[in-house]
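1. Structure for the following, please:
(2 chains)
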Amino acid sequence: MNGLTSYSYAPLLFFAAIGAGFAVFSVAAGALAGPKRYNRAKLEAYECGIQPSPHAEGGGRVPIKYYLTAMLFIIFDIESVFLYPFAVAFEQMGLFALVEMVLFILTVFVAYAYVWRRGGLEWD
Amino acid sequence: MTAALSSVPAADFVATKVEYAAVLPMFIVFGMALVGVLVEAFAPRRVRYPIQLVLTLGGLVAAFLVLVLYSRDHQAKTAGGAIVIDGPALFLQGTVLVLGAVGLLAMAERLDSAAPDTFTQSGSAVPGSPQEAAAVRMGATTTEVFPLVLFAISGMMMFPAAGDLLTMFVALEVLSLPLYILTGLARRRRLLSQEASLKYFLLGAFSSAFFLFGSALIYGFAGSVRFGEIAKAVPQVGGMDSIAVPGVLLIAVGLLFKIGAVPFHSWTPDVYQGAPTPVTGFMAACTKIAAFGALLRVLYVAFEGLRWNWQPVVAVVAALTMIVGAVLSVTQTDVKRLLAYSSITHAGFVLVGVLAMDRTGVSSTMFYLVAYGFSTIAAFALIALVRSSGSEATHLSQWAGLGKSSPVLAGAFSFLMLAFAGIPLTSGFTAKFAVFGAAIAHDGTWLAVIGVLASAVTAFVYVRVIVLMYFSEPSGDTAVLTPSVLTSTAVTIGVAATLLLGIVPSPLLDLAHDSSLFLP
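-> Numbers count the residues shown, from 1 in each chain, chains lettered A, B, ... in the order given. Here you go, the predicted model:
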């Protein structure tokens, strides 16, 4: 392996140059070719295409209920991602896989119990 | 995944054999973290703090005892090669357990309030707002930090013991996510803390992506994510350097970020300044230990055959880390930022040891991490005690004259500063001697020279703090709080270890040397 010759690094440098070139080109092209029509909405902070919600007096609390629900969804989503292949193949895998799966579900259940007891499932 | 599993013929499935004796310490810590979450869910608020403190410390002590008395006789490559419990893994896991327990003592400090003093009881409220007052009145607690610390420690134990790139990535996330949360929980100067948390999270996610991208390239190169298989593929697969070299370097970027090496260091000062002070000490010690363990395993086990490609790059990173860390620490006016830049410089010193590429490299690196970990946890525990008008007095000018008003704190802090500088009779000297000695024995003399020069620069910085404490007049209303037995114990252990490792380093050096062989 002739790792020290410049030849073996040529594809790397080539790739890096293309990557850097693409980034610079995109930014420059956007600045040069794009239309510049500023209005109030364009200058405001981006918030999913709706009017940014005004902050409460003194930077008070912001409701994050959707966030909690989404987090819980992801936890159980991941759980089911692992349950599907297990359900398909558990006959071949026998007792070992069953024990592993029970342990895994118990672990997720601990998180569920925490959220439930601390009021994460109540909407108001 | 479904297709892949169902295509496996029935006879081919073999249940993965797990050497439970080897992984038991990790199970204990993770299990205690789960129990801690259940305590948070079901125990009444009043009793949570004592239960959590006993559970967490008990879990860490139990895991350490099992590790020392039982697991060390059952070293193995286990769980289908995903976990490798060998000498370096055991040494670093033991270190993380001990330092985690010491760091936890400092974090659990309550002073005169009902909850741990350094953490907020209502993270979403503005400091001093009616919402926060209401939360405190209702007895809201912050005992979630105990399970969070345990989760982080279980990740830190898995990180240096990972046997493949995917397990290493999972460990990286397991140790990082709790730290992002802990960083944002400071009771005082909360905006700074939340800003630090966000920065740490965004940059950490970015570096995780680098690590994953590198893993994908290496999988394309070697056809496996196992370190042993990668090492075998390196001499066999020819003409694919254009995938292998970027792969190694991208993985190294992900790990060097966690280590805080230049040029991936820019998060360190902000996060170390913003995080609750005992958490900063915990991060500076334990995260670095875990990340250096992972870096050692990746570079020594998997990519030893590609060393001519990555060694010069890592050597330049080490040199830059020492120089930039030392130079920028001169200009700091905040104690926490100063120690953050100091930690960057120390990461550079440890990288010099990593580059030795043999057993002395592993043992000197591990010894340095232990020495630095004890000193830095004690130093941050002391910083948390210096207050001015209800907030932590971290500006250097507020530390003037502390030698007269609180001689014990100033004496302990000065001793730790001398250890950071590497003065003889402290652990800093023996540790630096070990890494620079390993470097000089393996063509790294130029790195050792830079290291000694950087040490000289940082010595000026540390001595300036000492001079400020002893030879300046006190100014302002800086006061030093009297800690409970928790912080006192943490500081005593840290200072005692710093002194002991400076006077009689040989037992630990021998242990590090005996533990310095990786299982392939």
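2. shaky segments in the chain?
-> Let's take chain A. Applying pLDDT under 70 to chain A flags residues A:1-8, A:41, A:44-63, A:124.
3. try chain B instead
-> In chain B, residues with pLDDT under 70: B:1-12.
4. That one: strands as residue ranges?
-> Taking DSSP state E as the criterion, chain B carries its strands at B:76-78, B:83-85, B:386-388, B:391-392, B:479-480.
5. looking at those, which is buried most?
-> strand B:83-85 (a mean of 25; mean count of other Cβ atoms under 10 Å in any protein chain shown). (Each C-beta comes from the backbone N, C-alpha and C, glycine too.)
6. follow-up on the earlier one: can you redo the strands of chain B as JSON lines with distance to chain A?
-> JSON lines is the format used below for the strands of chain B (distance: least, Cβ to the nearest Cβ, whole Å):
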{"stretch": "strand B:76-78", "distance to chain A": "15"}
{"stretch": "strand B:83-85", "distance to chain A": "15"}
{"stretch": "strand B:386-388", "distance to chain A": "24"}
{"stretch": "strand B:391-392", "distance to chain A": "19"}
{"stretch": "strand B:479-480", "distance to chain A": "29"}
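7. quick one: contacts for residue B:354?
-> Residues near residue B:354 by Cβ atoms under 8 Å, 6 or more residues apart in numbering or on different chains: B:292, B:295, B:296, B:299, B:314, B:318, B:361, B:365.
8. can you check residue B:319 too?
-> Residue B:319 touches B:348, B:446, B:447, B:450, counting by Cβ under 8 Å, 6+ apart.
9. swap the cut-off to 7 Å and go again
-> B:447, B:450 (Cβ atoms under 7 Å, 6 or more residues apart in numbering or on different chains).
10. before we move on, the earlier item: okay, the strands of chain B in a markdown table with distance to residue B:220 next?
-> A markdown table is the format used below for those (distance: least, Cβ to Cβ, whole Å):
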| stretch | distance to residue B:220 |
| --- | --- |
| strand B:76-78 | 24 |
| strand B:83-85 | 23 |
| strand B:386-388 | 53 |
| strand B:391-392 | 49 |
| strand B:479-480 | 57 |
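11. Can you tell me how far residue B:487 is from chain A?
-> Distance from residue B:487 to chain A, counting by Cβ to the nearest Cβ, to the nearest Å: 29 Å.
12. mind listing what that residue touches?
-> Contacts for residue B:487 (Cβ under 7 Å, 6+ apart) come out as B:105, B:106, B:109, B:381, B:385.
13. what's the closest non-adjacent residue to it?
-> residue B:109 (4.6 Å; Cβ to Cβ, 6 or more residues apart in numbering or on different chains).
14. I'd like to know how many residues surround that neighbour.
-> Neighbours of residue B:109 under the rule other Cβ atoms under 10 Å in any protein chain shown: 23.
15. Can you tell me which of the contacts of residue B:354 is closest to residue B:170?
-> Nearest to residue B:170 among the contacts of residue B:354 is residue B:295, at 16.9 Å by Cβ to Cβ.
16. Thought residue B:255 was touching the closest one, still the case?
-> Yes: contact criterion Cβ atoms under 7 Å: residue B:295 and residue B:255 qualify, at 4.6 Å.
17. sorry, back to before: give the contact list for the residue nearest to residue B:487.
-> Counting by Cβ under 7 Å, 6+ apart, residue B:109 makes contact with B:116, B:117, B:118, B:483, B:484, B:486, B:487.
18. any idea which of those has the most stuff around it?
-> residue B:116 (27 neighbours).
19. Check the gap between that residue and chain A for me.
-> Distance from residue B:116 to chain A, by Cβ to the nearest Cβ: 18 Å.
20. That residue touches residue B:105, doesn't it?
-> No: at 11.0 Å, residue B:116 does not count as touching residue B:105 under the criterion of Cβ under 7 Å.
21. quick revisit: relative to residue B:235, which of the contacts of residue B:354 is nearest.
-> Closest to residue B:235 out of the contacts of residue B:354 is residue B:299 (16.4 Å), distances taken as Cβ to Cβ.
22. Contact partners for that closest one?
-> So residue B:299 contacts residue B:354 (Cβ under 7 Å, 6+ apart).
23. Likewise for residue B:312?
-> Contacts of residue B:312 (Cβ under 7 Å, 6+ apart): none.
24. Would you check how far apart it and residue B:348 are?
-> 16 Å (Cβ to Cβ, to the nearest Å).
25. repeat for residue A:69
-> Taking Cβ to Cβ, one finds residue A:69 at 45 Å from residue B:348.
26. Comparing these two, which residue is more hemmed in?
-> Legend: neighbour count by other Cβ under 10 Å for residue A:69 and residue B:348, higher for residue B:348 (27 against 13).
27. in which helix or strand would I find the most centrally placed residue in chain A?
-> Nearest to the geometric centre of chain A sits residue A:74, at 10.2 Å (Cα atoms, centre = their mean). Assigned by DSSP states H and E, residue A:74 belongs to helix A:65-117.
28. next one: that helix to chain centre, how far?
-> When distances are taken as Cα atoms, centre = their mean, to the nearest Å, helix A:65-117 is centred 19 Å away from the chain's centroid.
29. Check whether that helix comes near chain B.
-> Yes: judged by Cβ under 7 Å from any Cβ of the partner chain, helix A:65-117 and chain B are in contact via A:84, A:85, A:88, A:89, A:92, A:93, A:96, A:107, A:110, A:113, A:114, A:117.
30. returning to what we had before: closest to residue A:12 among the contacts of residue B:354?
-> Of all those, residue A:12 sits closest to residue B:314, with 16.9 Å by Cβ to Cβ.
31. quick one, what contacts the residue nearest to the closest one when sequence neighbours are not counted?
-> In space, and not counting its chain neighbours, residue B:314 is closest to residue B:355: 6.2 Å by Cβ to Cβ, 6+ apart. Taking Cβ under 7 Å, 6+ apart as the criterion, residue B:355 is in contact with B:311, B:314, B:315, B:318, B:361, B:439, B:444, B:447.
32. mind checking how far the second one is from chain A?
-> It stands for residue B:314. On the measure of Cβ to the nearest Cβ, residue B:314 and chain A end up 15 Å apart.
33. same question, the last one
-> Relative to chain A, residue B:447 is positioned 20 Å away (Cβ to the nearest Cβ).
34. what about the closest residue to that residue other than its chain neighbours, neighbour count?
-> What sits nearest to residue B:447 in space, not counting adjacent residues and going by Cβ to Cβ, 6+ apart, is residue B:352, at 4.8 Å. The number of residues packed near residue B:352 is 30, by other Cβ under 10 Å.
35. Contacts only, for residue B:352.
-> B:318, B:435, B:436, B:439, B:444, B:447, B:448, B:451.
36. State the pair within those residues that is farthest apart.
-> So, the contacts of residue B:352 by Cβ to Cβ: farthest apart are B:318 and B:436, at 11.8 Å.
37. neighbour count winner among these two?
-> Shown here are residue B:318 and residue B:436; by other Cβ under 10 Å, residue B:318 has more neighbours (27 against 24).
38. Wait, the more buried one touches residue B:448, no?
-> No: between residue B:318 and residue B:448 there is no contact under Cβ under 7 Å: 10.6 Å.
39. Around chain A, pick out the residues from the stretch 101-250 of chain B.
-> Checking the stretch 101-250 of chain B against chain A by Cβ under 7 Å from any Cβ, the hits are B:124, B:125, B:126, B:129, B:131, B:238, B:241, B:242, B:245, B:246.
40. Let me have those residues in JSON lines, extended by distance to residue B:394.
-> Output for these, formatted as JSON lines (distance: Cβ to Cβ, whole Å):
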{"residue": "B:124", "distance to residue B:394": "24"}
{"residue": "B:125", "distance to residue B:394": "23"}
{"residue": "B:126", "distance to residue B:394": "21"}
{"residue": "B:129", "distance to residue B:394": "23"}
{"residue": "B:131", "distance to residue B:394": "26"}
{"residue": "B:238", "distance to residue B:394": "55"}
{"residue": "B:241", "distance to residue B:394": "48"}
{"residue": "B:242", "distance to residue B:394": "48"}
{"residue": "B:245", "distance to residue B:394": "42"}
{"residue": "B:246", "distance to residue B:394": "41"}
